[in-house]
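Student: Have a look at this prediction, sequence included:
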Amino acid sequence: MAMRFCILGSGSSGNSALLQTEGARVLVDAGFSARKLGTLLTAAGEALERIDAIFLTHEHGDHAAGIEGLKKFPHIRVFANAATARAVQAGLTHRPDWQIFETGARFRFRDLDVESFTVPHDAQEPVGFRFSSGAEGDLFAPRRSLAFLTDLGHAPQHIREHIRECEVLVVEANHCPDLLKADLRRPWSTKQRIGGRHGHLSNDGARELLAAVASPRWRRVYLTHLSRDCNSPAAVERALTEVRVTLQACEFAIVGAGEGTPFYEFV
């Protein structure tokens, strides 16, 4: 098992993904209660008792709500930058095993090389990650990489460079601009925040990012964090029509609100 990846759940109600290597089992975000995470992990053939670490992108509840329940699992390390850790810790009744990194740092956890990078979102100090495992030039354990990019209002050039060389990309396609505009539940101020440069990436924004980079190294792209009210898999599919033609060798997985995915095997 060089590397395996699946999304446990995605959307405004919670976000978490599972990444497995020979030497590590980690979650990227933990936006569900510990009980719900346990249920999702069981369905994926795993358990919280076997999780080694959690990597947090930012402190919002749909990405970090599960940290409170980790008092029952003190062995799990929680990787976050200092601003995110402070914001999450303020709402906890216990102190997790925080592993603090500086945004932009590269570091190693077991057999995973981890790179963090800034993303524009309305949180304390949100980040994206690129995870890599394996050795360059090793025919038996070739190097594999995954970039995890969610909750961002736009994609500056440095983000494009971070995702260019990965094999698998996870990126949000949060809303359809027309559906967001027509939504009657959200006040105008909330719509402005969602659609702003530090809000969430729209279907059009995701398409523009994918078209601008169009890396021949990509093997699969996950479109995630879809709004239940202001987006749909069909709307994302329509937005991707031209990009699919450009990236014919790449598989696309559109993850509906509240849904997860089967494992992707890096082979």
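Tutor: It's in.
Student: in this structure, which spans are strands?
Tutor: Ranges of strands in the chain, per DSSP state E, are 3-9, 16-21, 25-28, 53-55, 77-80, 97-100, 106-109, 112-118, 127-133, 144-149, 168-172, 220-224, 251-254, 264-265.
Student: tell me the mean pLDDT for the first one?
Tutor: What that stands for is strand 3-9. Strand 3-9 carries an average pLDDT of 97.
Student: shift numbering so it begins at 354
Tutor: Understood, numbering begins at 354; the last thing we discussed is strand 356-362.
Student: now for that strand, which elements pack on it?
Tutor: The contact analysis (3 or more Cβ pairs under 8 Å, 6 or more residues apart in numbering; DSSP states H and E) places strand 356-362 against strand 369-374, helix 387-396, strand 497-502, strand 617-618. Every C-beta, even on glycine, is put in place using the N, C-alpha and C of the backbone.
Student: Mind doing that once more with 7 Å?
Tutor: strand 369-374, helix 387-396, strand 617-618 (3 or more Cβ pairs under 7 Å, 6 or more residues apart in numbering; DSSP states H and E).
Student: And the last one, by the same measure?
Tutor: The elements that strand 617-618 packs onto, with contact taken as 3+ Cβ pairs under 7 Å, 6+ apart, are strand 356-362.
Student: can you redo the helices and strands packed on strand 356-362 as a markdown table with mean neighbour count?
Tutor: Shown next, in a markdown table, are the helices and strands packed on strand 356-362 (neighbours: other Cβ atoms under 10 Å):
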| stretch | mean neighbour count |
| --- | --- |
| strand 369-374 | 24 |
| helix 387-396 | 17 |
| strand 617-618 | 16 |
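Student: that older thread, nearest to Gly558 among the strands of the chain would be which one?
Tutor: Checking the strands of the chain against Gly558 by Cβ to Cβ gives strand 521-525 as the closest, at 8.8 Å.
Student: The closest one to strand 480-486, inter-axis angle?
Tutor: 160 degrees (axes from the mean of the first three to the mean of the last three Cα atoms, to 10 degrees).
Student: In its sheet, which strands sit next to strand 521-525, and in what direction?
Tutor: According to DSSP bridges, strand 521-525 forms sheet pairs with strand 497-502 (parallel), strand 573-577 (parallel).
Student: Let me know the angle separating that strand from strand 356-362.
Tutor: Going by the same axes, to 10 degrees, strand 521-525 makes 20 degrees with strand 356-362.
Student: What mean pLDDT does strand 521-525 get?
Tutor: For strand 521-525, mean pLDDT rounds to 98.
Student: any residues touching it, and which ones?
Tutor: With contact meaning Cβ atoms under 7 Å, 6 or more residues apart in numbering, strand 521-525 is reached by 358, 370, 499-504, 516, 553-554, 559, 562, 571-578, 617.
Student: what stretches of the stretch 404-553 of the chain score poorly on pLDDT?
Tutor: In the predicted model of the stretch 404-553 of the chain, residues 489-494 satisfy pLDDT under 70.
Student: all helices for it, in order.
Tutor: 414-417, 435-442, 510-517, 530-535, 541-548 (DSSP state H, counting those that start in this stretch).
Student: Can I get the first one in CSV? Just the C-alpha atoms.
Tutor: Going back to what we said before, that points to helix 414-417. Provided in CSV are the C-alpha atoms of helix 414-417 (Å, rounded to 0.1, in the frame of the first residue of the first chain):
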residue,chain,number,x,y,z
GLY,A,414,-16.5,24.0,12.9
ASP,A,415,-17.1,22.1,9.7
HIS,A,416,-13.4,21.3,9.6
ALA,A,417,-12.5,21.1,13.3
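Student: Quick check: buried residues in it?
Tutor: Asp415, His416, Ala417 (16 or more other Cβ atoms under 10 Å).
Student: thought the first one was touching Gly362?
Tutor: Spelled out, that is Asp415. No - counting by Cβ atoms under 7 Å, Gly362 is not a contact partner of Asp415; they are 9.5 Å apart.
Student: what's the overlap in contacts for those two?
Tutor: Joint contacts of Asp415 and Gly362 (Cβ under 7 Å, 6+ apart) are Asn368.
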